[in-house]
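Enquirer: turn this into a structure:
(2 chains)
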Amino acid sequence: MGNSRMLSVDNLNLSFGGIKAVDQVTFHINEHELLGLIGPNGAGKTTVFNMISGFYKADSGTIKLRDEVINELSPDEVNKAGIARTFQNIRLFGQLTVVENVLLAMQQTETLGWKESLLRTKSYREKEATLKAHCIDLLKIFSLDHLAEELACNLPYGLQRKLEIVRALATKPKLLILDEPAAGMNHQETEDLKKLIHFVKQKFNLTVLLIEHDMKLIMSICERIVVLNRGVKIADGTPAEVKANQNVIEAYLGKRTQLHG
Amino acid sequence: MNFLAKNKLLFFAISFVVIGAICNFALNSYIQALVVSFMINAIMALSLNFITGVANQFSLGQAGFMALGAYTSAVLTKVYFADQWYFIPLTAFAGALVSTVAGYLVALPSFKLRGDYLAIVTMGFAEIVRVLFLNWDFVGGPRGYNGVVKWPDFLVSYGFTGAALFLTFIVLYHLKISWFGRNLWALNEDEIAAEVMGTPIAKNKRFAFLFSSFFAGLGGALYGHHLGYFSPASFGFLMSVQILIFAVLGGLGSMSGSVLSAGILTALPEILRSLPTGGIDIRMIVFPILLILLMILRPQGLLGRKELF
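Expert: Have a look, this model is predicted:
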């Protein structure tokens, strides 16, 4: 292929009791690619997602970020390895301000020290001020800086989505995973989101994995799409290929049957 | 928002000295004892507020840590330091350390649990500690520990307890507004999101718990040396609940709120004591009613998460 791989998922398995939620799933994401992961309800998208971000441990199989095996790591270690994610049902820290939300994410990449913070030394205050300035800069890119001191819970829905993406970016990820970012958005908002995803990908030189229900969105922006159904991968290819794939059509619409032979 | 700004610090130092002088020269020993009690209560309230208010980990075992601090310090002064009061700061520190070690042992398994389970574990821990001392004859068993060495006079007691309160406040307040506090606020709001943003939540909870148990132990040690007597019954479930009331009334997450409410709740029962009784103890009726009213009118506590300064 020539492309180096950002994330490789290899023969992943996970069962909940007797149910095989994920069955021998294998796929990969190339460096700087925008990959879509789709599938009908209960296909195992979220389960795969939770395995990548460290909440579920695979029964067998491996997940590798570049060359690092990450499927034994806890969620915070996965983040440190370079994967950031957003949530389908927005999970901001509502009682913290907008800038504090970003600061919380950004400070994980720095060492601020116990002693300095206990004594609140001048150097500590300066360090924190610098960090905060970085956060404001980041917010500025998304024109959220004028809301920096607002409580996150007071933001309108669209901006909360945006802030969640900004917060994920503040951890300086290599791979950004968006979990149904268009959920609950109207047409116009989805269009804006599309632009935002493109913009973020270019600006921060990111690889993006997009999990989405909105077919229009996914077909129009993804370079490649992986389709899951009942825990099994049934298709992997460009949007056009996937659209034409018989298995995918069956999974979404059901089988065509001849009524009278 | 810098508490250590020079003018504020000076203001606090001066008012501390003035209050101490007034108490020492103008007021009777009953009021003096109350003032010291207030400061110890404030230390206890702060210690709980940090873990329950900031980190949102519901602990009901503060009395257990308090007991560890009190017994350790009392035994050490008696056995090793020939009941000399000037060793109290040292033994109180040792008491706080013992409490911290216990805190670590409790935290290790408990922070795999969430929510109410932690309350049950810490409550159980406090009971274990209490029963342990109840059955340990060397420290008096159920009769209590008599003859704990006391501070020589009010000014010394006031000075050292005040210094301990200042230390507690500064450390916990600075932590609250630092990166560590932000980690705790984050897991307070949403553990999953905090974890995904790269904060090791179990580790953060453990550290918060260590700080909390350290200062609870310190408060306990000072409690013992202030009263000169305590028994396992002093550190029962009611004590844990009382500390919780202090923290909740002041506002979970507000450090100055805890100090304020410790002041109010130490003074209030004494003020109510002078009400006309007519045979019944009206104090015990008025006090809970006030608390219920507060819960209805201001459920977030007096200060919410804000600070006074």
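Enquirer: quick one: name the residues of chain A near chain B.
Expert: Contact residues of chain A with respect to chain B, defined by CB under 8 Å from any CB of the partner chain, are listed as A:53, A:55, A:74-76, A:79-80, A:84-85, A:87, A:91-96, A:100, A:103-105, A:107-109, A:112, A:114, A:117-120, A:124-125, A:128, A:167-168, A:171. Glycine gets a C-beta too; all of them are placed from N, C-alpha and C.
Enquirer: and the contacts of stretch A:18-26?
Expert: Taking contacts as CB atoms under 8 Å, 6 or more residues apart in numbering or on different chains, the residues outside stretch A:18-26 that touch it are A:9-15, A:44, A:47-48, A:51, A:58, A:61, A:228, A:230-233.
Enquirer: now that stretch: average pLDDT?
Expert: Model confidence over stretch A:18-26 averages 90 on the pLDDT scale.
Enquirer: so which bits of that stretch are buried?
Expert: Residues of stretch A:18-26 classed as buried under the neighbour-count rule (16 or more other CB atoms under 10 Å in any protein chain shown) are A:20-23, A:25.
Enquirer: any stretches of the stretch 201-309 of chain B with poor pLDDT?
Expert: Residue ranges of the stretch 201-309 of chain B with pLDDT under 70: B:277-279.
Enquirer: list the contacts for B:L90?
Expert: B:F81.
Enquirer: tell me which element it is part of?
Expert: Under DSSP states H and E, the secondary-structure element containing B:L90 is helix B:88-110.
Enquirer: over to B:V286?
Expert: B:V286 is located in helix B:283-297, with elements delineated by DSSP H and E.
Enquirer: residues near residue 241, how many?
Expert: All of this is about chain A. Residues near A:E241, counting by other CB atoms under 10 Å in any protein chain shown, number 13.
Enquirer: please go with chain B instead
Expert: Counted with other CB under 10 Å, residues neighbouring B:V241 total 14.
Enquirer: separation between the residue nearest to B:E270 when sequence neighbours are not counted and B:A55?
Expert: Ranked by CB to CB, 6 or more residues apart in numbering or on different chains and with sequence neighbours excluded, the top spatial neighbour of B:E270 is B:L34, at 6.3 Å. Here B:L34 is placed at a distance of 31 Å from B:A55 (CB to CB, to the nearest Å).
Enquirer: so those two - more neighbours on which side?
Expert: Set B:L34 next to B:A55 and count neighbours by other CB under 10 Å: B:A55 wins out with 28 against 15.
Enquirer: contact partners for the more buried one?
Expert: B:184, B:187-188, B:204-205, B:208.
Enquirer: and A:F199, how many residues sit next to it?
Expert: 12.
Enquirer: about what we covered before: how about the helix holding B:V286: buried residues?
Expert: For helix B:283-297, the buried set under the neighbour-count rule, 16+ other CB under 10 Å, comprises B:283, B:294.
Enquirer: now for that helix, which elements pack on it?
Expert: helix B:237-250, helix B:255-273 (3 or more CB pairs under 8 Å, 6 or more residues apart in numbering or on different chains; DSSP states H and E).
Enquirer: any chance of a markdown table for those helices, columns distance to B:L172?
Expert: Below are these laid out as a markdown table (distance: least, CB to CB, whole Å):
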| stretch | distance to B:L172 |
| --- | --- |
| helix B:237-250 | 12 |
| helix B:255-273 | 6 |
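Enquirer: out of those, deepest packed?
Expert: Burial among the helices and strands packed on helix B:283-297, expressed as mean neighbours by mean count of other CB atoms under 10 Å in any protein chain shown, is greatest for helix B:237-250, which shows a mean of 22.
Enquirer: what packs against it?
Expert: Taking 3+ CB pairs under 8 Å, 6+ apart as the contact cut, helix B:237-250 packs with helix B:29-48, helix B:62-79, helix B:116-134, helix B:255-273, helix B:283-297.
Enquirer: one more time with 7 Å
Expert: Helices and strands in packing contact with helix B:237-250 are listed as helix B:29-48, helix B:62-79, helix B:255-273; criterion 3 or more CB pairs under 7 Å, 6 or more residues apart in numbering or on different chains; DSSP states H and E.
Enquirer: contacts for the first one, please.
Expert: Counting by CB atoms under 7 Å, 6 or more residues apart in numbering or on different chains, the neighbours of helix B:29-48 from elsewhere in the structure are B:23, B:59, B:62, B:66, B:154, B:157-158, B:161-162, B:164-165, B:168-169, B:172, B:212, B:215-216, B:218-219, B:222-223, B:226, B:243-244, B:246-247, B:250, B:255, B:258-259, B:261-263, B:266, B:270.
Enquirer: helix, strand, or coil at A:G61?
Expert: Using DSSP: H, G, I helix; E, B strand; the rest coil, the secondary structure recorded for A:G61 is strand.
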